[in-house]
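**Student:** what shape does this take:
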Amino acid sequence: MKEIDYEKIAHQQEFKDLLSKRNRFILPISVFFIIATLLFPVLTGYTTILNNEAFGNISWAWIYALLLFIMVWTLVTIYMRRAKVFDREADEIIRKYREGEL
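**Tutor:** Numbers count the residues shown, from 1 in each chain. Model (predicted):
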């Protein structure tokens, strides 16, 4: 089996396109996650916005905290689905390299 020269693959346009596509996907999700997560302690510690009752004795702080858990599970699910696509594309690049197409 042909030894893989990862340095050569890293310089191929197809690989650079894959990295660019992956980064365009990861960056917005990461920024959203960080802002949403850090906003919670800021809103609860420095404002009274989340102290108001949403319904019954449940405040908006509890709703926000619950939504953070839902957000994390959703983002993980989305990322895992997209990571499978990225992995298939990376495998295709390696296959092309081994067959001499790159």
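
**Student:** which helices and strands does the longest helix seen in the chain pack with?
**Tutor:** With DSSP state H setting the assignment, residue counts place helix 60-98 as the longest helix in the chain. Applying 3 or more CB pairs under 8 Å, 6 or more residues apart in numbering; DSSP states H and E, one finds that helix 60-98 contacts helix 6-10, helix 13-46, strand 53-55. Just so you know, the C-beta spots here come from the backbone N, C-alpha and C atoms, and that holds for glycine as well.

**Student:** quick one, phi/psi of residue 11?
**Tutor:** Torsion angles at residue 11 (phi, psi; degrees, to the nearest 10) stand at phi -90, psi 0.

**Student:** which residues touch the residue most central in space within the chain?
**Tutor:** When CA atoms, centre = their mean is applied to the chain, the residue found nearest the centroid is residue 26 (4.3 Å). Taking CB atoms under 8 Å, 6 or more residues apart in numbering as the definition of contact, the neighbours of residue 26 are residue 79.

**Student:** buried residues, the longest helix of the chain. List them.
**Tutor:** If you call a residue buried by 16 or more other CB atoms under 10 Å, then helix 60-98 has these buried ones: 60-61, 64, 86, 90, 93, 97.
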